[in-house]
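Enquirer: here is the input, now give the coordinates:
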Amino acid sequence: MTKSDTERRVIYPGTFDPITNGHEDLVRRAAALFDEVVVAVAAQTAKTTIFPLAERVALAEATLGAIPGVRVRPFPGLLIHLLQEERAHLILRGLRAISDFEHEFQLASINRRMDARIETLFLMTSDQHTFLSSSLVREISRLGGDVDAFVQPVVAAALKRHFCIGMDPGAAET
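Expert: I've put the predicted structure just below:
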């Protein structure tokens with residue numbers, strides 16, 4: 001057996017638009033359970049993202065780069081293809097509330113239908129992050145609110161730049 005045959009690798013997919021402290025907490029906890037956590041940033045999504053793929057990847061790397069055993073990478077297309085490329089069979093998903101479960105169950109079922117070797121593992125978010133979502137962080141930031149408690153400083157700065165918060169209106173045009 002090669003090392004790659006025995007590694008416990010899990011893929012944590014998402015848009016991460018932006019990556020939050022809740023995502024980071026889940027990755028830290030998963031890193032304690034697996035040899036490698038691959039944070040897979042989706043290039044193609046039905047969601048409308050505010051950050052381009054390269055910036056979402058860069059923000060995830062800046063947030064998660066110091067965690068041993070964690071690798072961030074973009075992926076185009078189907079998650080199943082990424083799992084095959086990575087020779088992985090485990091998908092990690094976070095659940096904040098029971099309302100998340102129905103959608104996640106549907107995704108897990110279709111992934112397993114496409115490849116019977118695929119298993120989806122669910123981790124509950126930590127109590128302090130159950131309310132937290134990227135969409136809420138975007139909305140708070142868009143309306144000029146302080147998101148420092150919800151994201152890392154590099155992410156908060158990127159959100160401020162994106163929404164031109166605290167900037168001279170003329171500075172955004174240059």
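Enquirer: what's near enough to touch residue 71?
Expert: The contact partners of residue 71, by Cβ atoms under 8 Å, 6 or more residues apart in numbering, come to 36, 37, 38, 39. C-betas here are computed from N, CA, C, even on glycine.
Enquirer: er, residue 121 I mean
Expert: If you count contacts by Cβ under 8 Å, 6+ apart, residue 121 has them with 10, 90, 91, 92, 93.
Enquirer: let's have the residues you listed in JSON lines, adding distance to residue 83.
Expert: Formatted as JSON lines, these follow (distance: Cβ to Cβ, whole Å):
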{"residue": "10", "distance to residue 83": "10"}
{"residue": "90", "distance to residue 83": "8"}
{"residue": "91", "distance to residue 83": "7"}
{"residue": "92", "distance to residue 83": "12"}
{"residue": "93", "distance to residue 83": "13"}
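Enquirer: now intersect those residues with the strands, please.
Expert: 10, 90, 91, 92, 93 (DSSP state E).
Enquirer: wait, the last one sits on residue 124?
Expert: No. In this structure residue 93 lies outside contact range of residue 124 using Cβ atoms under 8 Å: 10.6 Å.
Enquirer: for the two, indicate the residue with more neighbours.
Expert: residue 93 (19 against 14; other Cβ atoms under 10 Å).
Enquirer: how many neighbours does residue 54 have?
Expert: 11.
Enquirer: any idea how far it lies from residue 159?
Expert: 16 Å (Cβ to Cβ, to the nearest Å).
Enquirer: can you pull the phi/psi pair for residue 147?
Expert: With angles defined as degrees, to the nearest 10, residue 147 sits at phi -110, psi 10.
Enquirer: surely it touches residue 134?
Expert: No. Residue 147 is beyond contact range of residue 134, at 10.6 Å (criterion: Cβ under 8 Å).
Enquirer: the two: who's more crowded?
Expert: Taking other Cβ under 10 Å, residue 147 and residue 134 do not tie; residue 134 has more neighbours (23 against 20).
Enquirer: apart from its chain neighbours, what residue comes closest to that one?
Expert: Distance criterion Cβ to Cβ, 6 or more residues apart in numbering; nearest residue to residue 134, sequence neighbours excluded, is residue 17 at 5.4 Å.
Enquirer: element containing the one you found, please.
Expert: Using DSSP states H and E, residue 17 maps to neither a helix nor a strand.
Enquirer: ok, now how distant is it from residue 46?
Expert: 12 Å.
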